[in-house]
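Undergrad: predicted model and sequence below, questions to follow.
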Amino acid sequence: MAEIAPSILAADFANLQRDVEMINSSSAGYIHVDIMDGMFVPNISFGLPVCEAIHKHAQKPLDVHLMIEQPDRYLEAFRNAGASVLTVHYEACPHLHRTIQHIKELGAEPGVALNPHTPVEVLSEIMGDVSLILIMSVNPGFGGQKFIENSYRKIAALDAYRKKFGYNFKIEVDGGVNLNNAPRLVREGVDILVAGSFVFTSPDPVQTITELGNS
Ligand code: DX5
Ligand code: ZN
């Protein structure tokens, strides 16, 4: 069993309210909101006004994934735009401890994301301070990419840290998630599965969210 965070990046942006309401009516635990700045990642997705518009209709907490450089500049703005979880990239934060404290002061849950090449060990001194660790199972920037198999190993290593030291961060995986890899991801220790194209291109997205959740 896992919580599901459908990624709104794969929604129909001309029908955002409809797609948010679909997620509201499903068993999803969160709405995953991907913010891309065209600098940290090559792509630009959308920004604060769209996040606010999603929040206006959302009945699930917003899990905001900041794929942006210098995310400290925008933490408060995204909190005000409705973020419940604020996830920053390790690779974008030279003062990660300060950034995490700032997210907590804003009243949001702090998350840290790792790119595929970044080993989980770099977070060893901060694991006790975060609510969530997000393992990128594709290179961030685009939906619809192929799952990177090495992600299983990273998830297992994080789960081992959690057990050994009694940390209670959740493990989230993002990129190329589908019904083929979800069962093993859950076995290795994932609590939250992000799924974009697999949910939104399926004939029955609500049912697909339920099936992923039962993995
Ligand atoms: C990728 C984003 C993902 C993306 C996942 O940079 O962080 O959240 O929406 O999309 P799929 O599930 O299609 O790989
Ligand atoms: Zn994401």
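TA: Done, it's in. Ligands and ions are numbered 1, 2, ... in the order given.

Undergrad: please name the residues that touch the residue of the chain found nearest ligand 2.
TA: Checking the chain residue by residue against ligand 2 with CB to the ion singles out residue 65 as nearest, at 3.7 Å. Where you see a C-beta, it was placed from the backbone N, CA and C, and this is true even at glycine. Residue 65 makes contacts with 32-35, 87, 111, 113, 134, 174, 194, as judged by CB atoms under 8 Å, 6 or more residues apart in numbering.

Undergrad: mind running it again at 6 Å?
TA: 34, 87 (CB atoms under 6 Å, 6 or more residues apart in numbering).

Undergrad: quick one: mean pLDDT for whatever helix or strand it lives in?
TA: Here residue 65 is covered by strand 62-67, with elements defined by DSSP states H and E. This predicted structure assigns strand 62-67 an average pLDDT of 99.

Undergrad: distance from the chain centre to that strand, please.
TA: Between the centre of strand 62-67 and the centre of its chain there are 6 Å (CA atoms, centre = their mean, to the nearest Å).

Undergrad: in a helix, residue 153, correct?
TA: Yes - secondary structure of residue 153, determined by DSSP: H, G, I helix; E, B strand; the rest coil: located in a helix.

Undergrad: what's around it, how many residues?
TA: For residue 153, the neighbour count with other CB atoms under 10 Å is 12.

Undergrad: ok, it to residue 16 distance?
TA: Noted for residue 153: a distance of 36 Å to residue 16, by CB to CB, to the nearest Å.

Undergrad: ok, back up a step: who's the residue of the chain closest to ligand 2 bridged to?
TA: Beta-bridge pairing of residue 65 under DSSP bridges involves residue 34, residue 87.

Undergrad: where's it relative to residue 183, distance?
TA: Using CB to CB, one gets 23 Å for the distance from residue 65 to residue 183.

Undergrad: and the helices in the protein?
TA: When assigned using DSSP state H, the helices of the chain occupy the ranges 16-24, 48-57, 75-80, 96-105, 151-165, 182-188, 197-200, 205-213.

Undergrad: nearest to ligand 1, of these?
TA: Counting by CB to the nearest ligand atom, ligand 1 lies closest to helix 197-200 out of the helices of the chain; the figure is 3.4 Å.

Undergrad: which outside residues touch that closest one?
TA: 6, 10-11, 143-144, 178, 205, 208.
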